[in-house]
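Participant: Prediction below, plus the sequence it came from.
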Amino acid sequence: MRVDASDLLERVRTQKPVVHHLTNWVTTYDCANVVKVFGASPVMAHAMEEVADMAGIASALVLNIGTLTSDFVDAMKLAAKSANRKDIPVVLDACGAGATKFRDEKCFEILDEVKIDIIKGNASEIARIAGEDVKTKGVDATEVEKDLVQVASGLARRRECTVVVTGPEDIVTDGKRAVLVKNGHPMMASVVGTGCMAASVIGTFAAAEKDLVSASVAGLICYEIAAEMAARFSKGPGTFKLMLFDAVFNLDAESVNRMQKIEVIDN
Amino acid sequence: MRVDASDLLERVRTQKPVVHHLTNWVTTYDCANVVKVFGASPVMAHAMEEVADMAGIASALVLNIGTLTSDFVDAMKLAAKSANRKDIPVVLDACGAGATKFRDEKCFEILDEVKIDIIKGNASEIARIAGEDVKTKGVDATEVEKDLVQVASGLARRRECTVVVTGPEDIVTDGKRAVLVKNGHPMMASVVGTGCMAASVIGTFAAAEKDLVSASVAGLICYEIAAEMAARFSKGPGTFKLMLFDAVFNLDAESVNRMQKIEVIDN
Amino acid sequence: MRVDASDLLERVRTQKPVVHHLTNWVTTYDCANVVKVFGASPVMAHAMEEVADMAGIASALVLNIGTLTSDFVDAMKLAAKSANRKDIPVVLDACGAGATKFRDEKCFEILDEVKIDIIKGNASEIARIAGEDVKTKGVDATEVEKDLVQVASGLARRRECTVVVTGPEDIVTDGKRAVLVKNGHPMMASVVGTGCMAASVIGTFAAAEKDLVSASVAGLICYEIAAEMAARFSKGPGTFKLMLFDAVFNLDAESVNRMQKIEVIDN
């Protein structure tokens, strides 16, 4: 497969898709802002009375269970059903899956009751959703023994969706194809919000490209190349995150083409 | 009319008014922080049990429907009634008006049940509240055909309030007078939060000046001159927003007097 | 007493404790991020169904009443009871205590119903909790006439906890010992979030050190030395806060040892 990330970046900037979020209250600003600096249009709305309508005017929906409550998950399901009817992609960031029984139950409830098109998480979150036995330490990734590509592919096939595992090397798979994205920078793991933003970026690119593996790969490439650029000039995680927004905003096709590092895996 | 923005800036810094907010969860930090860096004292409280008391110790109240729920709007109304009784100015940021039926209904509910002193929105939000037929694309402004000054003035007269339409040129009108504020920078439209912060700034200045047209104009002038300064040194929307806080904090009377660009319109 | 702040900093970075928060929605990102840049692992969860479990996998719990509601306080109490059972330290940031009757009532409700190990506030908040008659102006500190060390010590003895009073000189006391931390920078008072972050830092250090006076002092020393470094290079409160995250991340033992300024007071 071939992913033209710079072309897709251009389409995002031209189409300016509306990306509806029901996300984590900790990183909601970052999620909105990363969509904005990519040139698209974020909207964050969670009232039961309007989530279906809002999803109805959006081109993608991003859900994140980071600071979930029962009511908030109900609103997520309502929004997702509206998105499903309209056939726009729905991304689920399984933030913190495995940390508590409640979180796991709600996560599976969402996966069982609505159509999720892209599941995104770190290694331990994805392993938990795939039914592997791992212990999550808060919301940070823990080492996972199993072959992650196999775990992710199996989950993608069983749930009939695309699975994205973020980490030093990201895995993107729909159960048939698998791609490793090797861009990014270790500083991303030292600042809150980079994981949540990745889900928003994937949603934004999925709004502009039907092939969700290509969309996810292209989004991660662009976002993580921007992170590499930001890391070059920043002096720590504080300035890094701000310069990441600058770098996304200023990202050009030439850099995307030159700097991208992906590997297509025969499954 | 004559607006002495630098004098009003000085009064804000000297009086340090408490500005109570029930605002958007996405930009709540930015709203609080912009008030703080202007030298005033933000307070964000939304519990039904305390909003009336909190408004009672404040000198202005800022409401924003960006991430509204029914309960949150109920708390807004309670706070606004307390503010009305105390006769402190109430600003409503009609964030996202027009995006959903629920949002419109709640917005009109607020406008009908409490006294709003300043309505602030972008072109499409204000047009919607004025009853013009426009389509909002998420929370970003769309082109509006009608003569905006006429629309805003009509709304101001009908609702007996001051109306602020933000955009490349901001309109401030109470239905009798109308002023264009021509400061600002395009980068403001590329970062989340600048619109919400404008409402907080207007509330802060309205806490220190009874003439709400003058207060709104002066607040916008100071805020947008700071944006011009920030844009000069920043390399993108990330660093821009941080430098905007720096520039507000460091803003001096001489710059305000020299850089302000307003036009008074005969209505 | 002797506080080895650089040793404790090293322990935080090595142990990477999970610090569970039920905090202020305005500064929740900053609270999470400051824990992260110190090398520890923040988790923010507030659903009644999971707070007890989440506190159960944490090494410290931080509560902040800045944007409290009744439901949120109920979740705080549930989390604190779980923390008490597990015997991990619980920090309460009495953000805005004294501003409204509701806030005071809820604050005392928490103090009476669960075991709080560290109470943290500015001068007027602590005075209010100690039963002194002061007027809070929103969430900013007001001048307090009484001898603050006496007030704090008395509160610490009565509530059998450690009390931290933040200000130009911070007071840390358990009613027997009292320490002044004289690090920090005036810019901290010009940006929203520095107070809330102090509570998170204290919680993080308390997760790694049983002596809560030492933990609080060490946390404040490290955090405020980082602030001094950030202030040296920043041009205002916007860039200051970002550089504070950088400085915390890059903080070295040599600087901590050289720059710390504390005074042990005979009580």
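Facilitator: Everything's here; your move.

Participant: wait, does the helix or strand residue A:198 falls within contact chain C?
Facilitator: Using DSSP states H and E, residue A:198 maps to helix A:194-206. No - Helix A:194-206 stays clear of chain C (C-beta under 8 Å from any C-beta of the partner chain), getting no nearer than 10.3 Å. From N, CA and C alone the C-beta is placed, and that goes for glycine too.

Participant: Return the alpha-carbon coordinates of that helix using CSV.
Facilitator: Presented in CSV, the C-alpha positions along helix A:194-206 are these (Å, rounded to 0.1, in the frame of the first residue of the first chain):
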residue,chain,number,x,y,z
THR,A,194,0.0,14.0,23.0
GLY,A,195,-1.9,10.7,23.1
CYS,A,196,-5.3,12.4,23.1
MET,A,197,-4.3,14.7,20.3
ALA,A,198,-3.2,11.7,18.2
ALA,A,199,-6.8,10.5,18.3
SER,A,200,-8.1,13.9,17.2
VAL,A,201,-5.6,14.0,14.4
ILE,A,202,-6.6,10.6,13.2
GLY,A,203,-10.3,11.7,13.3
THR,A,204,-9.4,14.8,11.3
PHE,A,205,-7.7,12.8,8.6
ALA,A,206,-10.4,10.1,8.6
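
Participant: and it with chain B, contact?
Facilitator: No - using C-beta under 8 Å from any C-beta, helix A:194-206 never reaches chain B; the gap is at least 11.5 Å.

Participant: And the next helix or strand past that helix?
Facilitator: Past helix A:194-206, the next helix or strand by DSSP H and E is helix A:212-233.

Participant: Return the residues of chain A in contact with chain C.
Facilitator: Residues of chain A lying close to chain C (C-beta under 8 Å from any C-beta) are A:25-27, A:29-30, A:66-70, A:96, A:99-103, A:137-140, A:190-193, A:234-239, A:241-242.

Participant: Return only those of those residues found close to chain B.
Facilitator: Among the residues of chain A next to chain C, chain B is touched by A:25, A:29, A:241-242 when using C-beta under 8 Å from any C-beta.

Participant: Tell me which stretches of the stretch 101-250 of chain A form helices.
Facilitator: Assigned by DSSP state H, counting those that start in this stretch, the helices in the stretch 101-250 of chain A fall at A:101-113, A:123-129, A:148-159, A:194-206, A:212-233, A:237-250.

Participant: how close does residue A:183 sit to residue A:218?
Facilitator: Between residue A:183 and residue A:218 the computed distance is 11 Å (C-beta to C-beta, to the nearest Å).

Participant: So which of these two has more stuff around it?
Facilitator: A direct count of neighbours by other C-beta atoms under 10 Å in any protein chain shown for residue A:183 and residue A:218 places residue A:218 higher, at 31 against 21.

Participant: residue contacts, that one?
Facilitator: A:3-5, A:8-9, A:205, A:209 (C-beta atoms under 8 Å, 6 or more residues apart in numbering or on different chains).

Participant: now do 7 Å
Facilitator: When contacts are counted by C-beta atoms under 7 Å, 6 or more residues apart in numbering or on different chains, residue A:218 is found next to A:3, A:5, A:8, A:205, A:209.

Participant: mind giving me a markdown table with the residues you listed and columns for neighbour count and distance to residue A:115?
Facilitator: Listed next are these as a markdown table, based on neighbours: other C-beta atoms under 10 Å in any protein chain shown; distance: C-beta to C-beta, whole Å:
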| residue | neighbour count | distance to residue A:115 |
| --- | --- | --- |
| A:3 | 23 | 24 |
| A:5 | 26 | 26 |
| A:8 | 24 | 23 |
| A:205 | 31 | 19 |
| A:209 | 21 | 18 |
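
Participant: okay, and for the stretch 51-200 of chain A, where does confidence drop off?
Facilitator: A:133-146 (pLDDT under 70).

Participant: Next to chain B, which bits of it? Give me the list.
Facilitator: Residues of the stretch 51-200 of chain A lying close to chain B by C-beta under 7 Å from any C-beta of the partner chain are A:53-54, A:57.

Participant: If we ignore the residues flanking it in sequence, what's nearest residue A:52?
Facilitator: residue A:82 (3.9 Å; C-beta to C-beta, 6 or more residues apart in numbering or on different chains).
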